[in-house]
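[1] here is the input, now give the coordinates:
(2 chains)
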There are 2 protein chains.
Amino acid sequence: MKIALAQINLHVGNINENTTKIVFCIKKAQQYNADLLILPELTVCGYPPHDMLDYGDFVSRCQEAVERIARICTDIAVIIGSPSLNPNDAGKRLFNSAYFLYGGKIESVQHKTLLPDYDVFDEYRYFEPNTTFNVVEYKGKRIALTICEDLWNDHNFGNRQAGTKLYTTRPMDMLIEQNPDFIVNISASPFSFSGIGEKKDVFTNISKKYGIPLFMVNQVGANTDLIFEGGSLVVNQKGELFDRVSWFEEDFQVYELDEVLKTPAHVSDYTQTGIMEMVFRALVLGIRDFFNKSGFSHALVGLSGGLDSAVTAVLAAEALGHENVHALFLPSRHTAPISEEDARKLAGNINIPYSQINIEPAAELFGKSLKPLFEDLPEDTTEENIQARIRGTILMAISNKFGFLMLSTSNKSETAVGYSTLYGDMNGALSVLGDMYKTQIYELAEYINRNEKIIPERIINRPPSAELKDNQKDTDTLPDYEILDKILFRYIEQHKHINEIEEEGFDRDLVERVVRMVNQSEYKRYQAPPVLRISRKAFGFGRRMPLVAKF
Amino acid sequence: MKIALAQINLHVGNINENTTKIVFCIKKAQQYNADLLILPELTVCGYPPHDMLDYGDFVSRCQEAVERIARICTDIAVIIGSPSLNPNDAGKRLFNSAYFLYGGKIESVQHKTLLPDYDVFDEYRYFEPNTTFNVVEYKGKRIALTICEDLWNDHNFGNRQAGTKLYTTRPMDMLIEQNPDFIVNISASPFSFSGIGEKKDVFTNISKKYGIPLFMVNQVGANTDLIFEGGSLVVNQKGELFDRVSWFEEDFQVYELDEVLKTPAHVSDYTQTGIMEMVFRALVLGIRDFFNKSGFSHALVGLSGGLDSAVTAVLAAEALGHENVHALFLPSRHTAPISEEDARKLAGNINIPYSQINIEPAAELFGKSLKPLFEDLPEDTTEENIQARIRGTILMAISNKFGFLMLSTSNKSETAVGYSTLYGDMNGALSVLGDMYKTQIYELAEYINRNEKIIPERIINRPPSAELKDNQKDTDTLPDYEILDKILFRYIEQHKHINEIEEEGFDRDLVERVVRMVNQSEYKRYQAPPVLRISRKAFGFGRRMPLVAKF
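    Residues are numbered from 1 along each chain as shown, chains lettered A, B, ... in the order given. Predicted coordinates:
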């Protein structure tokens, strides 16, 4: 049996374009004489469709697409994902379904059992869990058809403690009773830099445990904040990785089932590339798809002469082409001359258009306009915020005039503690580095500079500064990033309590101060742009805190 | 049996303050010689705790609070709500629980069965559904203890079609087999102006169906976007409303069970006040609690001379006291003289401090700064947005300097179609009117002016204008609000398709244009402030759309 995997980039909600792509894959698989083609989860609508699922006509258009596609599946079987209507008059209105198309029609359908509803996932908001299990019989083989988290039954996702698990059922335990020959898993499993290894373990362990091969097809591409890395794979019945398709790009591969069963596993895997290469490629894909899928081609980046904006510009140039990324340098009287030199040099190194507008006249004018109300009150962060908001206003004006999208250059460390100005430097259509701690951005910069000094070394080596007052340094207000990031990781990713963090050797007062800063800046993050998610816990949709809470 | 209901205002996350309030209620109930005191859902932590539930120490502090409270419940039984740990090593980590405290200890616990997970509700993200049902026996009576949506088993919530229902089980069907004498329902059920009547029907129908009285205690107060109206009630065994406690404020009432059983129902209900009175009180409570619970006392409102900012200022003055609301008028060369007259008159009518800053010099300066980049490109919305962002910057500067919170004055109609400037007039800590269509704001203004002309009539009667260019009117860009709002309601609240809306008699081209405007402005709403929710479908947390979607 010849099995084709099509790892494709789907545009959420764009049923027509997705259908065209699916049909193209089917024709290609037919040319390869494949018996079976496997496509990713929720193929026809893309992932995550969110509340578009509340629209009846959206779901019926998905259904129509499936039926249309089924008609061309005459001599080939195709597995695709789509929302489907729950025929019962009680329970959630929809299922998250895998369709088995063959003979020009829908042969059978298997619904998803384990519905993720934690972090960025909201599947129980829309979908009823499956309770019936049937293998698909096809050309003498029996296929155990599963959808993404159906195979993650033993994990402690969400707020589950170590050693416990989120789900109470194991779909494969039911399916294995029907003696399947192999497992198919269609996925829309987003990237996190720390989760790649675990993801592989899940699939290899499943094959090993049940003693049959597995074909997993993941989405690739990004929809808003979620980046899907692809990395679809084939595992043999011993639980060895037989093949791994491309990372971060579309791919199409055909396998002979007998070869998977007989040949020893042979592939090298991601561990041969570093984590920062994966992150770099993830962010580039995230930017590119955000622009492509929302119909924009040009980015605007406010360069400050600092590291975050430099890295953002490099990533944007890689994603969109250097000629499509515009840099604007916005000095004030607090800006050091070396900031301008470095910003200009960076722009030159990556060959992006560079302009400059001095914000000093505007800062002075706002000061004058506000004088009657402020009288002789001392300067404070108000005046710093005004500068950031002037910059934000100028950058947005240029974006509006020329149809650019402005990129936010905030990082996760400063977003966490609120070291940023709402409606100022937080502005942007997309936050590129908002899920990277400052210390990780240094690592990414090192990766970028691995062959040549693209980012001028002084940008990397200078002490970070917002340059909103004279001789300002981040460390005037914040602890060293080396320490700050460790505390933040424990509080945000690991949900640790102040006592627990203290017990790991951190200064109690400092931990309390950092936690207080995080909690007090929830209101800023509520209005922040979407953040490209590369970790297990990014700010945004996956972290929901009540703003008025006292904790 | 004497049964006390304590309808209290809980501060989400503020376990200490909530506990103090609970203890105070218990002492009061003891003074009344009550046998049983009933408190609202998730009493100790407030609703909705969101991802604070992911923190282990948060949950253990809730548990400790329950145990501490139990110790004083020696001669009185108390029903309170709290998250509790799921002892099983599989499934969601927590339950949403109702504790029955008596004899100085936790006597029993009943978990919530039907967990809302639609619109603003995310309970399945955290909680495992209950599967065991036991009435509580106490002083010769058997109590059917339920939590909020446990009694809403027959409703078509979420994306369910009419005539179907979201849930597959009916907790009361299980409990009634144990012959309970009465039902207790502890709730955290938020306000929506269209849902008050339905809420009453649910409880009266339940009592009628099962033939026993019901005591429902709801939270009152607001936490961020969610406003709880209180309106706790007692229904007799015939399904008649026996009593209704206060709306929008704390209340404490004691009932003799025998009287509920014997006395005919006698109360008047909300229908004697109008919907706009309910909305007015809801928004006032929403503003007041947002400020109180986040530790602020002063609001800043940018007055434009238009209706939305006038109504916002009136509501804020009612909520915070007129001396704590500061009005700022920010004219440009496009501002009509009558705008200033009206703004000043409104401020005078409600006696709030009023200042004025001309934005024209800043608008000119930005134009000059951008000239080298814009060259001779024609003026467009860029220049309009600059004005809005100058206003936003000045308002934020004053908020920052004096520790005020800025209120956003956007309405639901303009938020829906994106007729607003991100980082400009959308700025604010809280959107007061963001869940009210423009036509509803006219109704609210009428209610405000019912006794005296608080809002100058010209503000109400003038054609709405953003005044971002000369002689601009909203209708230059948008259809009449009478039509726009009807289309928006059908698309946003009712999830209708363009075809269906057209069939109701609306112009096809117009419907398509409105739907396109709504879809194209998702990115603005993503970065909008939290909106006080008064409908079944507000923008914000309860409506989640993928930004890059094509639909």
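[2] for the rest of this, base every contact and every neighbour count on C-alpha atoms.
    Noted.
[3] output the contacting helices and strands for the helix or strand of chain A with the lowest mean pLDDT.
    Between all helices and strands in chain A, the lowest mean by mean pLDDT, DSSP states H and E belongs to helix A:474-477, at a mean of 89. Here helix A:474-477 touches no other helix or strand, going by 3 or more Cα pairs under 8 Å, 6 or more residues apart in numbering or on different chains; DSSP states H and E.
[4] contacts for that helix?
    A:Pro463, A:Pro464, A:Ser465, A:Ala466 (Cα atoms under 8 Å, 6 or more residues apart in numbering or on different chains).
[5] so can I have JSON lines of those residues showing pLDDT, distance to chain B and neighbour count?
    Shown next, in JSON lines, are the contacts of helix A:474-477 (pLDDT from 0 to 100; distance: Cα to the nearest Cα, whole Å; neighbours: other Cα atoms under 10 Å in any protein chain shown):
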{"residue": "A:Pro463", "pLDDT": "91", "distance to chain B": "27", "neighbour count": "13"}
{"residue": "A:Pro464", "pLDDT": "92", "distance to chain B": "24", "neighbour count": "18"}
{"residue": "A:Ser465", "pLDDT": "90", "distance to chain B": "21", "neighbour count": "19"}
{"residue": "A:Ala466", "pLDDT": "90", "distance to chain B": "18", "neighbour count": "20"}
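[6] the strand or helix carrying A:Lys486: which residues count as buried?
    Taking DSSP states H and E as the criterion, A:Lys486 maps to helix A:481-488. Within helix A:481-488, the residues that count as buried by 16 or more other Cα atoms under 10 Å in any protein chain shown are A:Tyr481, A:Leu484, A:Asp485, A:Ile487, A:Leu488.
[7] cool, stretch A:336-353 as well?
    So, applying 16+ other Cα under 10 Å, buried residues of stretch A:336-353: A:Ser339, A:Glu340, A:Asp342, A:Ala343, A:Arg344, A:Lys345, A:Leu346, A:Ala347, A:Ile350, A:Asn351, A:Ile352, A:Pro353.
[8] out of those, who's nearest chain B?
    Proximity of those to chain B (Cα to the nearest Cα) peaks at A:Pro353, which lies at 12.1 Å.
[9] check the offset of the least confident helix or strand of chain A from the chain's centre.
    Helix A:474-477 sits 30 Å away from the centroid of its parent chain (Cα atoms, centre = their mean, to the nearest Å).
[10] for A:Arg160, what are its contacts?
    Under the criterion of Cα under 8 Å, 6+ apart, the neighbours of A:Arg160 are A:Leu166, B:Lys92, B:Arg93.
[11] helix, strand, or coil at A:Pro40?
    Secondary structure assignment for A:Pro40 (DSSP: H, G, I helix; E, B strand; the rest coil): coil.
[12] number of nearby residues for A:Gly230?
    By other Cα atoms under 10 Å in any protein chain shown, the residues close to A:Gly230 number 29.
[13] dihedrals phi and psi, it?
    Phi and psi for A:Gly230, reported as degrees, to the nearest 10, are phi 70, psi -120.
[14] list the contacts of the residue lying closest to it once chain neighbours are set aside.
    Distances taken as Cα to Cα, 6 or more residues apart in numbering or on different chains put A:Val220 closest to A:Gly230, at 4.3 Å, once the chain neighbours are dropped. By Cα under 8 Å, 6+ apart, A:Val220 lies in contact with A:Gln7, A:Ile8, A:Asn9, A:Leu10, A:Ile227, A:Phe228, A:Glu229, A:Gly230, A:Trp247, A:Phe248, A:Glu249, A:Glu250.
[15] the helix or strand harbouring A:Leu328 near chain B anywhere?
    Secondary structure assignment for A:Leu328, by DSSP H and E: strand A:325-329. No: using Cα under 8 Å from any Cα of the partner chain, strand A:325-329 stays clear of chain B, with a minimum separation of 10.7 Å.
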